[in-house]
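**Q** What shape does this take:
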Amino acid sequence: EEEFELIDVEFEGLEGGTGTGLMCTQSTDEQYIARWGEDLYQSKYKAAGLDRIWGWPWDSGIRPCPVYLRHCVLAVSKPGVVP
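**A** Numbering: from 1, shown residues only. Now for the predicted structure:
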């Protein structure tokens with residue numbers, strides 16, 4: 001999803017050993033604009049009445065979609081076996 005940042009991170013496995021993996025992290029409005037441009041930002045968010053993507057206060061009433069959260073839980077609870 002274009003609103004997020006994908007970064008390489010180091011990790012330590014449960015059975016020992018280390019490696020690197022890809023992690024989806026929060027981004028910023030400024031990074032979104034730098035990557036995708038002001039026009040897209042204006043047409044997708046400002047035109048919909050939103051003044052930002054990130055940085056909403058906890059009491060804003062904005063919550064993650066339950067279906068999306070379910071996909072996240074399933075993704076981390078069933079990672080599978082790495083050959």
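**Q** List the beta-bridge partners for the spatially closest residue to residue 11 that is not a sequence neighbour.
**A** Counting by C-beta to C-beta, 6 or more residues apart in numbering, residue 11 lies nearest to residue 21, which is 5.5 Å off, once chain neighbours are set aside. Bear in mind the C-beta positions are built from the backbone N, C-alpha and C, glycine included. On the basis of DSSP bridges, residue 21 takes part in beta bridges with residue 9.
**Q** How many neighbouring residues does residue 21 have?
**A** Applying other C-beta atoms under 10 Å, we find 9 other residues in the vicinity of residue 21.
**Q** per-residue pLDDT, it?
**A** In the prediction, the pLDDT value recorded for residue 21 is 89.
**Q** Verify the stated contact: it with residue 7.
**A** No. With contacts counted by C-beta atoms under 8 Å, residue 21 stays clear of residue 7, the gap being 9.8 Å.
**Q** Show me the strands in this protein, by range?
**A** In the chain, the strands defined using DSSP state E lie at 5-12, 18-25.
**Q** And those strands: which comes nearest residue 48?
**A** strand 5-12 (21.6 Å; C-beta to C-beta).
**Q** Which residues does the closest one contact?
**A** Contacting residues not belonging to strand 5-12 are listed as 18-27, 31 [C-beta atoms under 8 Å, 6 or more residues apart in numbering].
**Q** run the last query once more with 10 Å
**A** Taking contacts as C-beta atoms under 10 Å, 6 or more residues apart in numbering, the residues outside strand 5-12 that touch it are 17-28, 31-32, 35.
**Q** Export only the CA atoms of it, formatted as PDB.
**A** C-alpha atoms of strand 5-12 as PDB (Å, rounded to 0.1, in the frame of the first residue of the first chain):
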ATOM      1  CA  GLU A   5       7.100   2.400   3.900                       C
ATOM      2  CA  LEU A   6       8.800  -0.900   3.400                       C
ATOM      3  CA  ILE A   7      12.200  -1.100   5.100                       C
ATOM      4  CA  ASP A   8      14.900  -3.800   5.500                       C
ATOM      5  CA  VAL A   9      15.300  -4.800   9.200                       C
ATOM      6  CA  GLU A  10      17.600  -7.200  11.000                       C
ATOM      7  CA  PHE A  11      16.000  -9.900  13.100                       C
ATOM      8  CA  GLU A  12      16.900 -12.700  15.400                       C
END
